[in-house]
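[1] Dropping a prediction and its sequence here:
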Amino acid sequence: MRALIETMRNVWKIQDLRKKLGFTLVMIVIFRIGAAIPVPFLSPDALREIVGEGSIFSLVNILGGGALANATIFAMSISPYITASIIMQLLQVAVPKLEQLAKEGEEGRKIIAQYTRYGTVVLGFLQATGLYFGLINAVSNPGWVSFLTITLSFTAGTAFLMWLGEQITEHGVGNGISLIIFAGILSSGPIGAAALQRNYVHGMLGQGIFAIIGLLGILALFLGIITAVVWIQQAERRIPVQYAKRVVGRKMYGGQSTHIPIKVNMAGVIPIIFATSFVYLPPTMVGFFWSQSEHPVAMFFKFLPQKPWMSIIVGALIMFFTFFYTFIQFNPIELANNMKKNGGFIPGVRPGKPTSDYIFKVINRITWFSALFLAVLQVFPSILQYVTRIEGVWFAGASVLIMVGVALETMKQIESQMLMRHYKGFLE
């Protein structure tokens with residue numbers, strides 16, 4: 001604890017770092033102020049009922065820190081930007097022109113970032129239109145005026161958040177978009193604490209001493225989940241690589257040993273977002289067209305996400321998307337070819353196809369572990385609520401994965417700044 005306090009003092013001693021932290025905090029405060037500005041023609045009370053029915057809106061509401069349930073201008077949060085970024089990553093694999101741009105360095109990345117901004121605005125307007133018709137029961141005066149007001153407000157709010165995130169990345173501590181999502185999820189913490197208090201007061205955790213034991217057990221479980229997520233986020237498999245010696249002119253190059261670090265969880269939170277959206281999409285679409293229908297098919301899809309056996313399907317989808325997204329990002333054949341060109345080889349493995357097969361086998365094994373972990377992490381709250389009847393369990397799944405991941409990345413950014421100035425950082 002003493003070392004942590006000393007480290008925090010050292011952070012504020014560095015003028016440049018102090019300015020970056022101050023700028024970041026100001027931007028986050030602006031974000032939270034905007035998350036409280038209401039949009040005309042929307043009823044917050046009606047929205048809270050719709051968002052709480054287990055639809056795709058609940059995921060958007062989590063990422064926005066409850067902004068959707070409160071009918072504010074930041075209701076969509078930064079989710080269109082996330083979607084646009086994922087689409088651009090997938091297109092870089094399918095479109096040769098974009099793949100070439102991605103390999104051109106800083107200039108190519110700037111062009112791709114510009115395309116992502118345009119895509120964010122377009123997807124933002126489309127998502128705002130879908131939200132308008134999906135939340136039509138919460139609109140006070142449906143019509144062209146309310147349609148334009150709500151959709152343009154939502155789209156402008158997302159565009160402003162995108163700009164805010166870029167400012168934090170450029171002038172703050174970095175990871176601007178991630179920090180905005182982090183701040184939004186963290187703002188839901190008091191709601192989770194209030195739900196836990198209600199469970200304690202109403203005897204859901206037991207009576208007398210058993211209630212205290214139950215409360216301490218929940219808190220210990222929360223800390224255990226955070227510890228497990230930190231462990232997985234930091235874990236990596238290091239493949240040893242040896243470079244052969246070669247003489248160029250009068251100089252000798254190579255001969256050194258290094259390694260290829262492969263993160264255990266390369267897919268991050270993307271599989272959880274994909275799988276959750278996939279499961280919530282059918283009841284959401286049914287709600288668009290048969291919101292008041294009592295037809296058995298409509299009622300089945302409406303309460304589909306609340307079925308206990310849906311946890312198994314969600315877990316299977318998460319595992320599928322983990323493998324899919326991991327191998328979209330990581331190409332063992334390209335890595336093996338680059339190693340061969342530079343005279344590198346894995347000890348005991350021949351260059352070329354045997355190397356790519358070996359790397360594929362390693363990635364396949366660690367991805368199985370990552371996929372199982374992500375699946376358990378996401379379905380755990382549903383299983384816990386179903387078994388114990390405790391309500392408001394929010395500290396698992398995408399929320400805790402994003403919070404821990406962003407916190408670690410931000411600490412690494414601050415760590416690098418402090419080490420440049422000969423200070424000890426947080427991560428020792």
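    Done, it's in.

[2] per the record, what domains does the chain have?
    Using automatic domain parsing, the domains assigned to the chain come out as 14-187, 235-396.

[3] of all the ones you listed, which lies closest to residue 409?
    The stretch from the domains of the chain with the least distance to residue 409 (C-beta to C-beta) is domain 14-187; that distance is 5.3 Å. (C-beta placed from N, C-alpha, C; glycine too.)

[4] pLDDT (mean, whole number) over the closest one?
    Rounded to a whole number, the mean pLDDT of domain 14-187 is 83.

[5] Please apply the same query to stretch 228-236.
    On average, the pLDDT along stretch 228-236 is 87.

[6] repeat for stretch 239-248
    Confidence for stretch 239-248, expressed as mean pLDDT, is 75.

[7] so what does the biggest helix by length in the chain touch, helix or strand wise?
    Ranked by residue count under DSSP state H, the longest helix found in the chain is helix 353-388. In terms of contacts (3 or more C-beta pairs under 8 Å, 6 or more residues apart in numbering; DSSP states H and E), helix 353-388 is packed against helix 209-234, strand 236-243, strand 257-263, helix 270-289, helix 310-329, helix 332-341, helix 398-420.

[8] Single out the most deeply packed of the domains of the chain.
    Highest mean neighbour count among the domains of the chain (mean count of other C-beta atoms under 10 Å): domain 14-187, with a mean of 18.

[9] That one: end-to-end distance?
    Start to finish, the residues bounding domain 14-187 are 28 Å apart (C-alpha to C-alpha, to the nearest Å).

[10] Using JSON lines, lay out the domains of the chain together with distance to residue 198.
    JSON lines is the format used below for the domains of the chain (distance: least, C-beta to C-beta, whole Å):
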{"stretch": "domain 14-187", "distance to residue 198": "15"}
{"stretch": "domain 235-396", "distance to residue 198": "7"}
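
[11] between those domains, which gets nearest to residue 416?
    With C-beta to C-beta, the closest approach to residue 416 among the domains of the chain belongs to domain 14-187: 9.6 Å.

[12] and residue 318, what does it touch?
    Residue 318 makes contact with 271, 272, 275, 371, 374, 375, 378 under the criterion C-beta atoms under 8 Å, 6 or more residues apart in numbering.

[13] My guess is the first one contacts residue 325. True?
    It stands for residue 271. Yes: checked against C-beta atoms under 8 Å, the pair residue 271 and residue 325 is within contact range at 6.1 Å.

[14] that older thread, which stretch in the helices and strands packed on helix 353-388 is the model least sure about?
    Lowest mean pLDDT of these: helix 270-289, a mean of 70.

[15] can you list residues touching both of residue 271 and residue 325?
    Shared contacts of residue 271 and residue 325, counting by C-beta under 8 Å, 6+ apart, come down to nothing at all.

[16] what about residue 376, distance to residue 408?
    Between residue 376 and residue 408 the distance, using C-beta to C-beta, to the nearest Å, works out to 20 Å.

[17] next one: residue 176
    For residue 176, the distance to residue 408 (C-beta to C-beta) stands at 16 Å.

[18] At which residues are the strands of the stretch 101-250 of the chain located?
    The residue ranges that make up the strands of the stretch 101-250 of the chain, judged by DSSP state E, counting those that start in this stretch, are 236-243, 246-248.

[19] Let me have those strands in JSON lines, extended by distance to residue 335.
    Rendered in JSON lines, the data for the strands of the stretch 101-250 of the chain read as follows (distance: least, C-beta to C-beta, whole Å):
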{"stretch": "strand 236-243", "distance to residue 335": "10"}
{"stretch": "strand 246-248", "distance to residue 335": "20"}
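
[20] So which of these is nearest residue 265?
    Of all the strands of the stretch 101-250 of the chain, strand 236-243 sits nearest to residue 265, with 9.4 Å by C-beta to C-beta.

[21] Just list whatever residues bridge to residue 263.
    Residue 263 forms beta bridges with residue 236, as assigned by DSSP bridges.

[22] Just send the contacts of residue 318 back as CSV, with distance to residue 241 too.
    Supplementary listing: the contacts of residue 318 in CSV, determined by distance: C-beta to C-beta, whole Å:
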residue, distance to residue 241
271, 28
272, 32
275, 34
371, 26
374, 28
375, 32
378, 35
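
[23] from the residues you listed, which is closest to residue 193?
    Using C-beta to C-beta, residue 378 is the member of the contacts of residue 318 that lies nearest residue 193, at 21.5 Å.

[24] Just the pLDDT at the closest one, thanks.
    The per-residue pLDDT reported for residue 378 equals 80.

[25] now the one 10 residues further on
    We have a pLDDT of 64 for residue 388.

[26] Can I get stretch 346-361 as CSV, trimmed to CA atoms?
    As requested, the backbone C-alpha atoms of stretch 346-361 are provided in CSV (Å, rounded to 0.1, in the frame of the first residue of the first chain):
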residue,chain,number,x,y,z
ILE,A,346,11.9,-22.6,-34.3
PRO,A,347,14.4,-25.0,-32.7
GLY,A,348,13.5,-28.6,-33.7
VAL,A,349,11.0,-27.5,-36.4
ARG,A,350,11.8,-27.2,-40.1
PRO,A,351,11.1,-23.8,-41.8
GLY,A,352,8.1,-23.4,-44.1
LYS,A,353,4.9,-25.6,-43.8
PRO,A,354,6.1,-27.5,-40.7
THR,A,355,6.6,-24.2,-38.9
SER,A,356,3.1,-22.9,-39.8
ASP,A,357,1.6,-26.2,-38.8
TYR,A,358,3.4,-26.0,-35.4
ILE,A,359,2.3,-22.4,-34.8
PHE,A,360,-1.3,-23.4,-35.8
LYS,A,361,-1.2,-26.3,-33.3
